[in-house]
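Student: Got a predicted structure here, sequence first:
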Amino acid sequence: MCDFAFFGEYICKRKNRNKRLIMSKKTIVLESIDPIEIYGAANKNLEALCTYFPNLKVVARGNEIILEGTEEDTLSFEKKLHMLIERRQHKMNVTPYDVEDLFDGESSPDRFKLTGESTIVYGNDGKPIKARNRTQQEMVKSYFENDLLFAVGPAGTGKTYIAIALAVRALKNREIKRIILTRPAVEAGERLGFLPGDLKDKLDPYLQPLYDALGDMIPGKRLQEFMAEGTIQIAPLAYMRGRTLDRACVILDEAQNTNLGQLKMFLTRMGCDAKFIVTGDASQIDLPNKRDSGLLKGIELTKNIKGVKTIFFKNEDIVRHPLVAKIVKAFEKEEQA
């Protein structure tokens, strides 16, 4: 039975059914971290951890946790607690889902760490997918330190590809339950109504770049299964309205084609344990009135919010054919003339 006491004290009481075991008492002091970040909202993380130690008495007062139970239980509890703290250092927050993972054989905090040159995921051809320049490395690092990430810059800088790689990695590591990829249904020079077929037929060509990236990282048959069961969803932005997206990595691509209202609608879909990545190129706005784009306005409005980070890519970060960077630069000169 778990009881919540007043004055910020959390007590998890368990009966010791084996009187012959050697009992011990230990106090753990949480230093250099806010205890609430570990205990969780309404002590949900601590309560979840206690369920794995039915014979251990746990009392939390402020930054101190007092343990009473067998030596084996106290040592095991302390080990798992330190793993949870280590995990928090590489995530924006930890939840009861993280506590579950500690006991599922995948508790090594190393799987949450990515240095600039670390492999994000392995492609279907067995080749590692890594950040290829400093800006991509900064994007990877910022993903683990924030829950909302904007990645803005020219075409060919790998913004969307890295975002999808991070999402696939999170899915494989069971950090999330699903991946949701979306784009505003604004096309360069075409209207969906004039295209042949049903809605899926109309949208699939427009969403093909997202399918291509996923196809590089997930075997075709498995990808089809994920999409059939809803683990991976690809849909136009309008389909996000009214949804709450929990424990998901959600990527909004081509965000320069959203107005401020649409961007707000998307960002407010964020649920518990979700990661949102917004990618876009302010130089490729397809809206009739380019001033209607909400991407840069949204970045400005959220820039001082903790947990939000913006990464700006430049022409030098383009990773496609060397000519692409020169072409982008030439067009920029013409547009500025």
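Tutor: Perfect, I can see it now.
Student: Hmm, Leu56 and Ile66 touching each other?
Tutor: No - here Ile66 lies out of contact with Leu56, judged by C-beta atoms under 8 Å, at a distance of 10.7 Å. Heads up, the C-betas are built off the backbone N, CA and C, glycines and all.
Student: which one of these two has more residues nearby?
Tutor: Comparing Ile66 with Leu56 by other C-beta atoms under 10 Å, the one with more neighbours is Leu56, at 21 against 15.
Student: check contacts around the more buried one.
Tutor: 12, 14, 50, 67-70, 73-74, 77 (C-beta atoms under 8 Å, 6 or more residues apart in numbering).
Student: got it, and Asp281?
Tutor: The contact partners of Asp281, by C-beta under 8 Å, 6+ apart, come to 152-155, 254, 256.
Student: want to try JSON lines for the residues you listed, with pLDDT as columns?
Tutor: Converted to JSON lines, these look like this (pLDDT from 0 to 100):
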{"residue": "Val152", "pLDDT": "97"}
{"residue": "Gly153", "pLDDT": "95"}
{"residue": "Pro154", "pLDDT": "93"}
{"residue": "Ala155", "pLDDT": "90"}
{"residue": "Glu254", "pLDDT": "93"}
{"residue": "Gln256", "pLDDT": "95"}
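Student: Tell me the one of those nearest Val29?
Tutor: Set against Val29, the nearest of these by C-beta to C-beta is Val152 (42.6 Å).
Student: Okay, that closest one and Glu175: tell me how far apart.
Tutor: For Val152, the distance to Glu175 equals 25 Å [C-beta to C-beta, to the nearest Å].
Student: Quick check on Glu31: phi, psi?
Tutor: phi -110, psi 150 (degrees, to the nearest 10).
Student: Hmm, which of the contacts of Leu56 is lowest in pLDDT?
Tutor: Across the contacts of Leu56, the smallest pLDDT goes to Arg14, namely 48.
Student: for Ile85, helix, strand, or coil?
Tutor: Going by DSSP: H, G, I helix; E, B strand; the rest coil, the secondary structure assigned to Ile85 is helix.
Student: I'd guessed it sits against Ile38; true?
Tutor: Yes - counting by C-beta under 8 Å, Ile38 is a contact partner of Ile85 at 6.1 Å.
Student: what's the overlap in contacts for those two?
Tutor: Between them, Ile85 and Ile38 share the contacting residues Leu30, judged by C-beta under 8 Å, 6+ apart.
Student: out of these two, which sits in the more crowded spot?
Tutor: More crowded of Ile85 and Ile38, by other C-beta under 10 Å: Ile38, with 22 against 17.
Student: pLDDT on the host helix or strand of the more buried one, on average?
Tutor: Secondary structure from DSSP states H and E places Ile38 in helix 35-39. Averaging pLDDT along helix 35-39 yields 89.
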